[in-house]
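In: coordinates for the following, if possible.
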Amino acid sequence: MDKLKVRGDVKIITKNSSGQTLQYEEKKNMVVDVGLDQLARLLTGDETTAMGYIAVGTGTTAPAAGNTELEVERKREAVTPGNATSGVATFEKEFTFETGEEWSITEAGLFDAAASGNMFDRFTFSAKAVEPGIALTIIITITFERA
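Out: Residues are numbered from 1 along each chain as shown. Below is the predicted model:
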């Protein structure tokens, strides 16, 4: 009998206005309980809204299975999912920041709505200082494989 494993990996990259990489970090992320429920509902057709937004925030509490939102969300933007092939789905978003959007970003997650909605995963990472002229790229890779 096959068992299914869902694994999340993430890359967090900051670049300056010249495109020079300032920071690069790779992490594992946690698919939260709501995310697992969302997968089941998508399979049965009870849910038809795919994940299409990445949010970033300044919360520092470690992810937990019961999380339903970011601890301190600062910004959420639509992403165009990459093609899902060979059991791998990729989501990528480059965030830019305006005057007044000067934070130390420490968390992010994948959502199905522009506000509220269902959170699929959440992860925390070392602080990435953002401000105008600094871009933050989040790349989330979800892999489905036999356990």
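
In: my read is Leu42 is in a strand, agree?
Out: No. Remark: Leu42 does not belong to a strand; assigned using DSSP: H, G, I helix; E, B strand; the rest coil, it is helix.

In: run a quick neighbour tally on it.
Out: 15 (other CB atoms under 10 Å). The C-beta positions use only the backbone N, C-alpha and C, and glycine is treated the same way.

In: who does the closest residue to Ala114 other than its chain neighbours form a beta bridge with?
Out: Nearest non-adjacent residue to Ala114, counting by CB to CB, 6 or more residues apart in numbering: Tyr53, 6.0 Å away. In this entry, Tyr53 is beta-bridged to Ala78, Phe111, by DSSP bridges.

In: check the one 4 residues further on too.
Out: Partner residues in beta bridges with Gly57: Glu73, Glu107, with DSSP bridges as the criterion.

In: residues contacting it?
Out: Leu70, Glu71, Val72, Glu73, Arg74, Lys75, Ile105, Thr106, Glu107, Ala108 (CB atoms under 8 Å, 6 or more residues apart in numbering).

In: biggest separation within these, which pair?
Out: Glu71 and Lys75 (14.0 Å; CB to CB).

In: show me where the chain has strands.
Out: 4-15, 21-31, 53-57, 73-78, 88-95, 103-111, 119-130, 135-146 (DSSP state E).

In: hang on, Arg74 packs against Ser104?
Out: No. With contact defined as CB atoms under 8 Å, Arg74 does not reach Ser104; the gap is 10.0 Å.

In: which one's more surrounded, these two?
Out: Counted by other CB under 10 Å, Arg74 and Ser104 do not tie: Arg74 has more neighbours, with 20 against 12.

In: and that one, what pLDDT?
Out: pLDDT recorded at Arg74 is 98.

In: which non-adjacent residue is nearest it?
Out: Gly57 (5.1 Å).

In: okay, the residue nearest to Ile54 when sequence neighbours are not counted and Asp9: tell me how far apart.
Out: The shortest distance from Ile54 to any non-neighbouring residue, by CB to CB, 6+ apart, is to Lys93 (4.5 Å). Distance, Lys93 to Asp9, by CB to CB, to the nearest Å: 15 Å.
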